[in-house]
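A.B. asks: this one's structure only:
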């Protein structure tokens, strides 16, 4: 016996298909852009690249003669200084001057890099601070086997004593050597030990110290006192 089966086409879907990405609003794109920007400026790799570029500019500043700061606001004095170095740099003198290679440490791009590095260091510190506090005060103790499998240094031992006695012995030895010992029990016993947990904040203090140095360099370069005689930075002459 033969049976004929007819099927009707499904009506077109009025909503988004299952698994498809719904239309995003403008605020969603703004949130995504801001999140990407935050991860970008708080990346240590970005800070390292900026420091590398600043180091390269520092090398260039030592290779090329630097114009005295007092001459930069005097067009005639600047022209005379460029004429004095023209025999050394020849036809490249004007090009180097346009690129501010005779004034690297006061150039626009050098100041922008210093500012970018300052912002990056602050962002890195803010990004790392909550995790550092959490690790120092409330570290995670009950980690799974995958943590130890992927740890760069791990070891397994077999103890032939009861679990409670083994835990007490291990904790006692660790405490004797100055370790903080935390313990959590569920299906298994998890023992966590660390030492000098507050030393991780030394890197944060170093970042903040560098930020102060960079901020001082920017403020000093912009508003610092300069000798009117064109000798650059000067202090108080105690011999006068």
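C.D. replies: That came through fine. No experiment lies behind these values; they were computed from the predicted model shown.
A.B. asks: For stretch 38-58, which outside residues touch it?
C.D. replies: By CB atoms under 8 Å, 6 or more residues apart in numbering, the surrounding residues in contact with stretch 38-58 are 104, 109-110, 113-114, 116-117, 119-121, 123-124, 126-127. (Each C-beta comes from the backbone N, C-alpha and C, glycine too.)
A.B. asks: residues near residue 89, how many?
C.D. replies: 17 (other CB atoms under 10 Å).
A.B. asks: Any idea what residue 193 is bridged to?
C.D. replies: residue 181 (DSSP bridges).
A.B. asks: State the distance from it to residue 155.
C.D. replies: 14 Å (CB to CB, to the nearest Å).
A.B. asks: Which residue of these two possesses the greater neighbour count?
C.D. replies: Counted by other CB under 10 Å, residue 193 and residue 155 do not tie: residue 193 has more neighbours, with 18 against 6.
A.B. asks: Tell me who's in contact with the more buried one.
C.D. replies: 171, 174, 179-182.
A.B. asks: Of the residues you listed, which count as buried by neighbour count?
C.D. replies: Among these, those classed as buried by 16 or more other CB atoms under 10 Å are 171, 174, 179, 181.
A.B. asks: Distance check, the nearest residue to the third one once chain neighbours are set aside against residue 134.
C.D. replies: Looking back up the chat, that one is residue 179. Residue nearest to residue 179 in three dimensions, not counting chain neighbours: residue 193, with 4.2 Å by CB to CB, 6 or more residues apart in numbering. From residue 193 over to residue 134 the distance is 17 Å, taken as CB to CB.
A.B. asks: can you check residue 86 too?
C.D. replies: 61 Å.
A.B. asks: For the top helix by length along the chain, which helices and strands make contact with it?
C.D. replies: The longest helix of the chain (DSSP state H) is helix 108-137. Packing partners of helix 108-137 (3 or more CB pairs under 8 Å, 6 or more residues apart in numbering; DSSP states H and E): helix 26-41, helix 44-63, helix 201-223.
A.B. asks: Buried ones in that helix, by neighbour count?
C.D. replies: 110, 113-114, 116-125, 128, 132.
A.B. asks: so where's the chain shaky on pLDDT?
C.D. replies: Along the chain, segments meeting pLDDT under 70 span 1-22, 221-240.
A.B. asks: Surely residue 183 is in a strand?
C.D. replies: Yes. Counting by DSSP: H, G, I helix; E, B strand; the rest coil, residue 183 is found in a strand.
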